[in-house]
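Chemist: No sequence on hand, only this structure:
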């Protein structure tokens, strides 16, 4: 049985996101969407996959952007579709922005939806 987690990125922010890197803890990660325009959704932005039978997949995908203050910022999408245990997803965003991640708690072929909105605060960086 293989495990697959597809990541959907809903960019409801005013920033154009650019792929900055990925770091699978186990399994592999395929990047399908390298740029996400403001106020758009990237279906299957990335896919985390197990590398064999009785294995899950886990890792992070990072997108970057330049904020309204000219500073480079990053959004990190974390995913975990384990062989045993509950699925999980989370999003780390710069101060002032709002992030939400949602994934079914069980299943071996699931979709995680990440939503990003708001603007970076003037006084803080990520």
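Modeler: Okay, I see it. Values in this document were obtained by computation on a predicted structure and should not be read as measured data. Residues are numbered from 1 along each chain as shown.

Chemist: pLDDT below threshold where in the protein?
Modeler: Applying pLDDT under 70 to the chain picks out residues 1, 123-126.

Chemist: quick one: the strands in it?
Modeler: With strands called from DSSP state E, the chain shows them at 4-12, 17-26, 28-31, 35-36, 40-49, 57-66, 72-81, 88-92, 97-102, 109-118.

Chemist: Point to the residue nearest the middle of this structure.
Modeler: The residue lying closest to the centre of the chain (CA atoms, centre = their mean) is residue 77, at 2.8 Å.

Chemist: Leaving out the residues flanking it, which one is nearest to that one?
Modeler: Once flanking residues are discounted, residue 77 sits nearest to residue 61: 4.7 Å by CB to CB, 6 or more residues apart in numbering. Glycine gets a C-beta too; all of them are placed from N, C-alpha and C.

Chemist: again with residue 111
Modeler: residue 6 (4.8 Å).

Chemist: re the thing from before, the residue nearest to residue 77: neighbour count?
Modeler: 23 (other CB atoms under 10 Å).

Chemist: any idea how far residue 14 is from the residue nearest to the centre of the chain?
Modeler: Counting by CB to CB, to the nearest Å, the gap between residue 77 and residue 14 amounts to 19 Å.

Chemist: residue contacts, the residue lying closest to residue 56 once chain neighbours are set aside?
Modeler: Leaving aside its chain neighbours, residue 56 sits nearest to residue 82 (3.9 Å; criterion: CB to CB, 6+ apart). Residue 82 is in contact with 3, 56, 58, counting by CB atoms under 8 Å, 6 or more residues apart in numbering.
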